[in-house]
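[1] here's a sequence, model it:
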Amino acid sequence: MTRTPAAITIAAAAVVLLAGCTGEHTTAEPPTMTSAQAKQAVVDIVDRSYAEIGGDWTIRSGPAVQSCELSSGGSGAAFTSIVDRATGGEPSSDIKKLQHFWSGEGIKAGPYKNGGSNPVHGLSGVGGPTTSIDLYADPTGYTIEGFSVCTVGDAAEMQGNGE
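    Predicted structure coming up:
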């Protein structure tokens, strides 16, 4: 029996669809993390992102815990980390550097541009070790904001404990 490319494509699609019905985890989502691991992951990716661009960065916020919704529908805990850099740099070059770096980290990033007469450009990314990460690159200053995956935990209790 000779198989045509169309038949092979249909068979492959059927296998993918059936695999999705088995209840097994078949997506490329990050594995379950503890709150401590999620906190460290977002700090690490933000730190390595600004190191990739270079310059003098300061921590604006974080890692700070906040509540999030678990995929199961319950409340969980996630962490944010925000850093800023004063003037300097070449936004278009730095955006390209960071897009390449994030791609290697499993982060899917696309261009960002806000409105207004003098828009700020950047990148908006999802995946990899984070739920989301953004770069806002403007000659007057840069910001990188990372948001960790949502983990099991009580954000309010963690905040009360100094997180």
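
[2] so where's this protein uncertain?
    Counting by pLDDT under 70, the chain contains low-confidence ranges at 1-31.

[3] for it, longest strand please?
    Within the chain, and with DSSP state E defining each element, the longest strand by residue count is strand 57-69.

[4] contacts for that one, please.
    Strand 57-69 has contacts (CB atoms under 8 Å, 6 or more residues apart in numbering) with 35, 39, 42-43, 50, 75-85, 131, 143-144, 148, 150, 153, 155-156, 158-159, 163. In this view, the C-beta of every residue, glycine as well, is placed from N, C-alpha and C.

[5] partner strands of it and their direction?
    With DSSP bridges as the criterion, the sheet partners recorded for strand 57-69 are strand 75-85 (antiparallel).

[6] list the buried residues in the longest strand of the chain.
    In terms of neighbour count (16 or more other CB atoms under 10 Å), strand 57-69 has its buried residues at 57, 62, 63, 65, 66, 68.

[7] show me how far it is from its chain's centre.
    Shown here is strand 57-69, whose average C-alpha point lies 14 Å from the average C-alpha point of the whole chain (CA atoms, centre = their mean, to the nearest Å).

[8] for stretch 107-122, same thing?
    Averaging C-alpha coordinates over stretch 107-122 and over its chain gives two centres that are 16 Å apart (CA atoms, centre = their mean).

[9] likewise stretch 82-100?
    Taking CA atoms, centre = their mean, the mean C-alpha location of stretch 82-100 is offset from the chain mean by 16 Å.

[10] can you list contacts of the longest helix along the chain?
    Ordering each helix of the chain by length in residues (DSSP state H) puts helix 35-53 first. The set of residues that contact helix 35-53 without belonging to it, under CB under 8 Å, 6+ apart, is 33, 57, 62-63, 65, 77-83, 85, 89, 94, 97-98, 101-102, 105, 107, 128-130, 133, 135, 142, 144-153, 158, 163.

[11] out of these, which end up buried?
    By neighbour count, with 16+ other CB under 10 Å, the contacts of helix 35-53 hold 33, 57, 62-63, 65, 77-83, 85, 89, 94, 97-98, 101-102, 105, 107, 128-130, 133, 135, 142, 144-151, 153, 158, 163 as buried.

[12] so what does residue 143 have for phi and psi?
    Dihedral pair for residue 143: phi -140, psi 140, per degrees, to the nearest 10.

[13] follow-up on the earlier one: closest one to residue 123 out of the buried residues of strand 57-69, please.
    For residue 123, the closest of the buried residues of strand 57-69 turns out to be residue 57, at 16.1 Å, with distances computed as CB to CB.
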